[in-house]
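Visitor: Fold the following, please.
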Amino acid sequence: MQSLSKENRSSVSEFILLGFSSETQVGMALFALFLLLYLTTLVGNGLIVMLIYLDSHLHTPMYLFLSVLSLVDMSYVTTTVPQMLVNMVCPRRSISWGACAAQMFIFLVLGIAECVLYAIMAYDRYVAICFPLRYMLLMSHSICVTMIIVCWSISIAGALILTVFTMHLPYCGPYKINHFFCEVPAVLKLACADTSFNDRLDFILGFILLLVPLSLILASYVFIFASIFRIRSAQGRLKSFSTCASHVTVVTMFYGPAIIMYMRPGSWYDPERDKKLALFYNVVSAFLNPIIYSLRNKDVKEAFLKIFRVRTTA
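Guide: Here you go, the predicted model:
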């Protein structure tokens, strides 16, 4: 039995990604839509990174974390969307075993990093609003760098565990993944072995990597809102709320679909629903982040106008 398992595993050289619709007209429409979303995401997030780099007024912990988030979002969509676009015009839609494992690992690293970053950004807002006089001490450059290093360490460790325990399983066929990229739940459905341990592992890691950061975010905002309501000035309360509104919006968009995807029982697997959820927290969330932050953020808009005026008058 062990030799058969090894033989089955070694015989898997590639998977087929079914993606979305196989109809030509629908496929071309989706190709144009996703290409536009992808390019807009790169431009929008790249613009935020550039503005934060060029404007010295944005060299604060809040915007440091925002620039890291934008870089993560650009990498996040690049891990999945180009492969999806190629598969829409390539009838074979194949991906090698190694490329599938690499895509899964990188996607998980970036996804977990985004979860932890949202928690760090919530803590940053908590310190800024609840302890404004000690903000620069509590959020010093060294502390911010340490937070980012811890964020990436957690991300790499979590992604490595999930990827190894998923890809070590025997896959005996069929090799058709009903998804647009190699996501853990979709790949596990092809394993010709008992995946109950993987389901439990996914739930445990989902609890640690999704619910723990989300709990920290909720706790931060409980203290934040309590502090805001103690502000006597209506203008002051409005300003404090505006600095948090963007973060609350993107957290809701990201965490909702991600929790449904990674913390539901394996028996609830629905490929069509999962593709839509993954599309939302991977592509749509990364697309909307720069729009939400730029439209609701006075500092970002002022930096854009200032740099644009400098470029046009030069």
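Visitor: Now for residue 36, which secondary structure element holds it?
Guide: helix 24-54 (DSSP states H and E).
Visitor: which other helices and strands contact that helix?
Guide: helix 61-89, helix 285-295, helix 298-313 (3 or more Cβ pairs under 8 Å, 6 or more residues apart in numbering; DSSP states H and E). All C-beta spots, glycine's among them, are computed from the backbone N, C-alpha and C.
Visitor: how about those in JSON lines, adding distance to residue 109, mean neighbour count and mean pLDDT?
Guide: Below are the helices and strands packed on helix 24-54 laid out as JSON lines (distance: least, Cβ to Cβ, whole Å; neighbours: other Cβ atoms under 10 Å; pLDDT from 0 to 100):
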{"stretch": "helix 61-89", "distance to residue 109": "9", "mean neighbour count": "21", "mean pLDDT": "92"}
{"stretch": "helix 285-295", "distance to residue 109": "15", "mean neighbour count": "20", "mean pLDDT": "80"}
{"stretch": "helix 298-313", "distance to residue 109": "27", "mean neighbour count": "13", "mean pLDDT": "70"}
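Visitor: State the mean pLDDT of the helix holding residue 36.
Guide: The average pLDDT within helix 24-54 is 88.
Visitor: now swap in stretch 138-145 and tell me
Guide: 94.
Visitor: Dump it to CSV, restricted to CA.
Guide: What follows is stretch 138-145 as a C-alpha-only set of coordinates in CSV (Å, rounded to 0.1, in the frame of the first residue of the first chain):
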residue,chain,number,x,y,z
LEU,A,138,5.0,53.0,21.3
MET,A,139,5.2,53.0,17.4
SER,A,140,8.9,53.7,17.0
HIS,A,141,10.7,52.7,13.8
SER,A,142,12.3,49.7,15.4
ILE,A,143,9.0,48.5,16.8
CYS,A,144,7.3,48.8,13.4
VAL,A,145,10.1,46.9,11.7
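Visitor: residue contacts, residue 55?
Guide: By Cβ atoms under 8 Å, 6 or more residues apart in numbering, the residues touching residue 55 are 303, 306-307.
Visitor: Following the helix or strand containing residue 149 in sequence, what is the next regular element?
Guide: Assigned by DSSP H and E, residue 149 belongs to helix 141-167. As assigned by DSSP H and E, the chain's next helix or strand after helix 141-167 is strand 176-177.
Visitor: Within its sheet, name the partner strands of that next one and how each one runs.
Guide: strand 14-17 (parallel) (DSSP bridges).
Visitor: Can you give me the buried ones in the strand it pairs with?
Guide: 15, 17 (16 or more other Cβ atoms under 10 Å).
Visitor: List the contacts of it.
Guide: 83-84, 87, 92-97, 100, 175-177, 179-182, 187, 190.
Visitor: these two touch, right, residue 216 and residue 119?
Guide: Yes - with contacts counted by Cβ atoms under 8 Å, residue 216 reaches residue 119, the gap being 4.6 Å.
Visitor: These two - which one has more neighbours?
Guide: Taking neighbours as other Cβ atoms under 10 Å, residue 216 and residue 119 compare with residue 119 leading, 21 against 17.
Visitor: so how far is residue 281 from the more buried one?
Guide: Distance of residue 119 to residue 281, given as Cβ to Cβ, to the nearest Å: 16 Å.
Visitor: Tell me how far the closest residue to residue 188 other than its chain neighbours lies from residue 186.
Guide: Nearest residue to residue 188 in three dimensions, chain neighbours excluded: residue 195, at 5.0 Å (Cβ to Cβ, 6 or more residues apart in numbering). Relative to residue 186, residue 195 is positioned 12 Å away (Cβ to Cβ).
Visitor: more crowded one of those two?
Guide: Each of residue 195 and residue 186 had its neighbours counted (other Cβ under 10 Å), and the higher figure belongs to residue 186 (23 against 20).
Visitor: what kind of secondary structure is the closest residue to that one other than its chain neighbours in?
Guide: Leaving aside its sequence neighbours, residue 186 sits nearest to residue 179 (Cβ to Cβ, 6+ apart; 3.9 Å). Each residue gets one of three states, and residue 179 gets coil by DSSP: H, G, I helix; E, B strand; the rest coil.
Visitor: Which pLDDT value goes with residue 179?
Guide: The model's pLDDT for residue 179 equals 88.
Visitor: Would you agree it is in contact with residue 275?
Guide: Yes - using Cβ under 8 Å, residue 179 is in contact with residue 275, at 5.8 Å.
Visitor: And the helices and strands packed on helix 24-54: which comes nearest residue 20?
Guide: Closest approach to residue 20 among the helices and strands packed on helix 24-54 (Cβ to Cβ): helix 61-89, 7.8 Å.
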